[in-house]
Each structure stands twice: as structure tokens, then as C-alpha cells.
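Participant: quick check, what structure comes out for this input:
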Amino acid sequence: MDEDEELLGIGAFARRVGLAPSALRFYDDCGVLRPARVDEATGYRQYAEAQAARGVRLRRLRAAGLPLVDVAVVLDGPPHAARDVLRAHLERTRRTVDEAQAVVEGFLWEAAGNAQGRCARARVDGAELAAAVRQVAPAAAVGMASEEFPMLGSVLLELVDGEVRLVATDRYRLAVRVLRAEAFEGGPRKLLIGAGAARDLAEWAVRRMTVVVECGPETMDAEGTQEAAGFRLRGAVEGECWEPPRERGRSPRQDPDAFPDYRLILEGLEPGRYRVIVDRGGLRDAVAGRGGVVALEARMGRGGEQELEVTGGEQPPVRLRAVFHVKHDAVKHEAVPRIAFDPAVLVPALEAGVGPDALLEIASEVRPVVVRSADQGSFTTLVMPVSERAGAGTGEGRTDG
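Facilitator: Okay, here's the model as predicted:
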């Protein structure tokens, strides 16, 4: 790079290429669009004007739905590999359009109070709220874990700092989704919503263009028993309202103060030293149906291409095209560690993701793994690895201490 060349800050470069700054940070993390310079003191990214063409091509390929693994081949691979990737994606796109058209045509054929006290209110998109609940709720505890820790069988809903936050955990997974409210007042408020009520909430909200989430203060009844915070959703049409079943008093299942402090968990995460990008659906299918523990190992294929090998469950290995790298320059020589999971924990985390890619941020083989997607930075899932020697489903091999 020419030392005299004028560099663009991340905001200016984002406007230049039509990408959000958060997307540029993600693509830097994934190694597909590195900044020309990163300030060592502040971490501030700067880009060269010559990188704009690559940024625009990256944006257009992502808008066309290409997974990052395939984008890397188109941008940096040999021409014959780029052609193969593009032709395969074009065929997948045609099949998707045909399937969507059949579904839509089928549906077309079938189709012939005022809260007491000071409430916190947040207006959000109804479909987005429903999607957020459906992403997060599968991480809530069930069975014996829910009986032992009743609050973990619910979804935590918070109204705070202009956001609606949804959190669920069964101790081996943690799912967090943040929605930025279109309008917000009052707060902060928090409450727990049972898993069944959360499903009903999603069914109601998905049919509304906008939803106002209202959460009132905790109250006392005539006998001095503390009542859970009042909670309801209101639609845009007068009279549209949804409320969860109310219980007298506040049971442990309803006590938001008993819910684990997810902020401490997120703040205590070790930085991911290793990053693996892989096709989300491919990894889900490779892991699903395997009994026992599955192991993931980033490796070089026979032709020198990067692969993620999935083994375990007395089934043949599956190798997926992947992109992986070590984040910090000081450890560039290190290999990505082999890491094992309980399929019953990893598969739901992958199913809850959005977009074609899964990004696994790995600190070590015994620390929580962050599962992210490029298309939705507001959704974070943590998955605990297990000991490869232990059987899945027993909890004995989990490495959370």
C-alpha cells in the first residue's frame, strides 16, 4: 500500500461500497475484506480506495445469496472454480424460486386497556418479534433441567435502552436476540415468559405489521403478595391485544431476578482465537441424526482446500468446504483445535441461525463457542463443547464445570 494514499474510515468506506459498518467488521473477521490499516491503539479500521471494487463485488454476491465460502472462491479462487460455484448457486436459486412459487400459489388458491402504573413500551415489527422469539425459545430448558431450575424453562424479555431483548438458556446453550425499537418509552422492565406462552406470542405477533410491547411495574395484591409485572402486546388495530396466562403471585418460574445474568456471561467470554465459516445448512445436516458426540475438525483437503470434517456417531465422515483462520497474528502457526459437541445442543443452535453461513468463534476446545451469522449480528448463540470421550445427552462430558 502506498504510504501517501488517503485512507477512508469505516463509515465513509461503508457508504462508498453500500455495506453497513457492522457487515465490514464481520467480513474483516471472516478474512474476505481486510482493512488496509487497523489502528493498534483504537482498533479503528481504515480502507484504501482501491478496495472499493472488491467491496462492491462482495456486496453484490451476498445480495445474490451466495454463502461466504462460495464468495471467497469467486473473489480469490481460480476462474474455473468461480464458474463452478456460480453455476451451482444459479441452479439452487432456480429451485428455490420454483419451490416458493408453488407454495405461494397453493396459499392463493386456498384463500377464496390502558396499562396501570407507569409502563415501559416498545414498538417493533411484528414478524421480526415473532422470528426473534422462535430463534431464542429453543434454548430454554426442558425436562429435568426445567424442573430443577424453573426459571430456565422460560424466555427472559427485557425492555431497556431503547431495545427489546430476548434471552434463553439451558446452561449448555445461551441464545440472545436484540431488537431495536422503532419507538420506546419508560423502562427498564423485565419478565419471564413460559415456553408455551412464547410460542403463542410468536403466532400472534407474526400476523401484525407492528406490535407494541407493554410491560408494567410489579404490584402487590390486597394480601401483600408480590405480583409479576403486567405484560401484553398491542396491535395497530384498535382492540388487538395478546396477554399471557396470569398466575397469582410470582413463582420461581416467573421471577426474572432468578434468571442468570447473561451480561456477565457475554462479558466474560474469551476472545475467539479461531474462526471457521461453513455452510450452515450443510453443517446442520452433517451433524443431525448422529448418535453420541460429534467432532468438528478444520483441516486441509487433498487439493489444498480448507475443509471442516464432521465425525462421530458411527457414521462416515462428512467434509464441508470451509474458511478458517487464526485471529491474532501472534498465533498464526496454530491449527484450529478439534472440538466436540452434543448434537442435541449444536443442531438447534444452527437451525436458529439466519442466512446461508455459520461463523464459529472458538476460544479453545473447552470454552463456549459463539455461533453467529453474517446476516444477523443481533442474534448470538453460545454452545458448550463436550468431552469427545463422553456420551451425548448425559451431561457428563460437558465442559462447563
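Participant: output the below-cut-off pLDDT ranges for the stretch 101-250 of the chain.
Facilitator: Applying pLDDT under 70 to the stretch 101-250 of the chain flags the ranges 101-103, 105-118, 217-229, 246-250.
Participant: how about the helices in it?
Facilitator: In the stretch 101-250 of the chain, the segments counted as helices under DSSP state H, counting those that start in this stretch are 126-136, 143-148, 195-205.
Participant: ok, and what's touching the first one?
Facilitator: Read that as helix 126-136. 155, 164, 166-168, 175-177, 179, 198-199, 201-203, 205-211, 213, 235, 352, 354, 379 (C-beta atoms under 8 Å, 6 or more residues apart in numbering). Where you see a C-beta, it was placed from the backbone N, CA and C, and this is true even at glycine.
Participant: of these, grab the buried ones for ChimeraX.
Facilitator: Of those, the buried ones can be selected in ChimeraX as follows, counting by 16 or more other C-beta atoms under 10 Å:
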select :155,164,166,167,168,175,176,177,179,198,199,201,202,205,206,208,210,211,213,235,352,379
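Participant: now D70: phi and psi?
Facilitator: phi -70, psi -40 (degrees, to the nearest 10).
Participant: now it. Nearest residue, chain neighbours left out?
Facilitator: V85 (4.5 Å; C-beta to C-beta, 6 or more residues apart in numbering).
Participant: ok, back up a step: who wins for proximity to M384 among the helices of the stretch 101-250 of the chain?
Facilitator: helix 143-148 (13.1 Å; C-beta to C-beta).
Participant: chain center to the closest one, what's the gap?
Facilitator: 25 Å (C-alpha atoms, centre = their mean, to the nearest Å).
Participant: go on, stretch 163-178?
Facilitator: The answer for stretch 163-178 is 10 Å, by C-alpha atoms, centre = their mean.
Participant: now do it: distance from first to last residue.
Facilitator: 7 Å (C-alpha to C-alpha, to the nearest Å).
Participant: returning to that earlier point: okay if I get the helices of the stretch 101-250 of the chain as a markdown table plus distance to E305?
Facilitator: Converted to a markdown table, those look like this (distance: least, C-beta to C-beta, whole Å):
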| stretch | distance to E305 |
| --- | --- |
| helix 126-136 | 32 |
| helix 143-148 | 40 |
| helix 195-205 | 40 |
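Participant: quick one: closest of those to A63.
Facilitator: helix 126-136 (20.0 Å).
Participant: between helix 195-205 and that closest one, find me the angle.
Facilitator: Helix 126-136 and helix 195-205 meet at an angle of 160 degrees, taking axes from the mean of the first three to the mean of the last three C-alpha atoms, to 10 degrees as the criterion.
Participant: contact partners for the nearest residue to A181 once chain neighbours are set aside?
Facilitator: The shortest distance from A181 to any non-neighbouring residue, by C-beta to C-beta, 6+ apart, is to A122 (3.9 Å). A122 makes contact with L159, G162, E163, V164, L179, A181, A183, F184, G187, V212, V213 under the criterion C-beta under 8 Å, 6+ apart.
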